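S.K.: pasting the sequence and the predicted coordinates here, then a few questions.
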Amino acid sequence: MSDDHPVVQLPGATAQGTLQDSMGIVVTEASPERVAATMPVEGNIQPYGLLHGGASCVLAETLGSIGSALHAAPLGKVAVGVDINATHHRAVREGTVTGVATPIYLGRTTTSYDIVISDERDRRVCTARITCQLIQAPPGS
């Protein structure tokens, strides 16, 4: 991860060695109200040289899960994803994409986020939605 961006540390969690780390996702902003991150296209493509739709889903789930976890922590809970859907609007072959997650609903037992992923020209690449269940934090987390 780059030293010029803040590292988001969630209680009981690490990004090192995770899928987020492997895919080059860099979180640039994180609060329950807004989570933003970048991800390189290179290394996250499908056989035709386009950004893989699954990579967009990983970025979206990462953002929604971080926001949900930040909302859940003061409640003594952790967030686990239970539903995600995504619509892919346009292809991307190079550069970096940026995802921004904003809450639809922040409750005591569930959260839902809208995630918009855009290319470097600020064109929408993907729209996703994630719902997380908030469960009691395991002992020691």
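M.R.: Looks like it came in fine.

S.K.: now stretch 126-141 - C-alpha only, CSV.
M.R.: Coordinates of each C-alpha in stretch 126-141 appear next as CSV, following Å, rounded to 0.1, in the frame of the first residue of the first chain:
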residue,chain,number,x,y,z
CYS,A,126,-20.3,0.0,-12.5
THR,A,127,-23.1,0.5,-10.0
ALA,A,128,-23.3,-1.9,-7.1
ARG,A,129,-25.3,-2.4,-3.9
ILE,A,130,-24.2,-4.4,-0.8
THR,A,131,-26.1,-5.4,2.3
CYS,A,132,-24.3,-6.4,5.4
GLN,A,133,-25.6,-8.1,8.5
LEU,A,134,-24.3,-6.7,11.8
ILE,A,135,-23.5,-9.5,14.2
GLN,A,136,-22.1,-9.6,17.8
ALA,A,137,-18.3,-9.2,17.7
PRO,A,138,-16.5,-12.5,18.5
PRO,A,139,-14.6,-12.5,21.8
GLY,A,140,-11.2,-10.8,21.4
SER,A,141,-12.0,-8.9,18.3
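
S.K.: distance check, Ile117 against Ser68.
M.R.: According to C-beta to C-beta, to the nearest Å, Ile117 and Ser68 sit 18 Å apart. In this view, the C-beta of every residue, glycine as well, is placed from N, C-alpha and C.

S.K.: what's the helix or strand of the chain with the lowest mean pLDDT packed up against?
M.R.: Taking mean pLDDT, DSSP states H and E as the measure, the helices and strands of the chain show their lowest mean at helix 19-22, namely a mean of 92. Secondary-structure packing of helix 19-22 (3 or more C-beta pairs under 8 Å, 6 or more residues apart in numbering; DSSP states H and E): helix 53-72.
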